[in-house]
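Colleague: Take this sequence and fold it.
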Amino acid sequence: MVRSVLIAALIGSAAAFTPASSTARGVVSLNAEMSKSLPFMPVPEKLDGSMAGDVGFDPMGLSEIQQDLTYARWAELKHGRVAMLAVVGYLIEEAGVRLPGEISYDGTTFADIPSGFDALSAIPQAGLLQIMLFAGVLELFVMQDVTGEGEHVGDFRNGALDYGWDTF
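Modeller: From the prediction side, this is the model:
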């Protein structure tokens, strides 16, 4: 037993001195422009600096899957806004602020619904269906630049609610 362990250890240590295999590795061309954010990687083709804040950061190559990066930018803004609203809603609910009244016809009040993910099992299925339907209507019909008057990506005002923010 001891002898076989010693032989295995000697073979393992001898393998450290064998020459490296000569398999071809991906080599970055010396003429390729390197990214400002990741100086050891080339600049992705679609990240040419035309968008604000673009410094060529795409270590996973996600810009190569998108046909148009404007859509990805629009979706990122929208999902970021939804996430911020979700955090505010979670904090308000944890603080104990609840809507008055009943959530369903069986007498369940909003105060009876627990916080966090436990609420998903306590809300009636018809209520969850209403939430999903409302989110779908917002996604398909409301949160879009229908009129084409958007001043920037993610501007969903559609010509309404101009409070003069662009004058700052």
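Colleague: All the strands of the protein, residue numbers only.
Modeller: Assigned strands in the chain: none (criterion: DSSP state E).
Colleague: Which stretches in it count as helices?
Modeller: Using DSSP state H, the helices of the chain run over 2-15, 69-94, 118-122, 125-137.
Colleague: Need the winner for burial among the ones you listed.
Modeller: Each of the helices of the chain was scored by mean neighbour count; the highest is helix 69-94, a mean of 13, by mean count of other C-beta atoms under 10 Å. Just so you know, the C-beta spots here come from the backbone N, C-alpha and C atoms, and that holds for glycine as well.
Colleague: quick one: it to helix 125-137, angle?
Modeller: Interaxial angle of helix 69-94 relative to helix 125-137 (axes from the mean of the first three to the mean of the last three C-alpha atoms, to 10 degrees): 150 degrees.
Colleague: if we compare the helices of the chain, which one ends up closest to Ile103?
Modeller: When those are compared by C-beta to C-beta, helix 125-137 sits nearest Ile103, at 6.3 Å.
Colleague: Which among the helices of the chain is found nearest to Pro100?
Modeller: Checking the helices of the chain against Pro100 by C-beta to C-beta gives helix 69-94 as the closest, at 14.2 Å.
Colleague: ok, back up a step: same list, the helices of the chain, but as CSV with distance to Gly53 and mean pLDDT please.
Modeller: Listed next are these as CSV, based on distance: least, C-beta to C-beta, whole Å; pLDDT from 0 to 100:
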stretch, distance to Gly53, mean pLDDT
helix 2-15, 48, 66
helix 69-94, 10, 88
helix 118-122, 36, 90
helix 125-137, 28, 92
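Colleague: Nearest to Met34, out of the ones you listed?
Modeller: Between Met34 and these, the tightest spacing by C-beta to C-beta is seen for helix 69-94, at 20.1 Å.
Colleague: and that closest one, how far out from the chain's middle?
Modeller: Relative to the chain's own centre, helix 69-94 is displaced by 9 Å; criterion: C-alpha atoms, centre = their mean, to the nearest Å.
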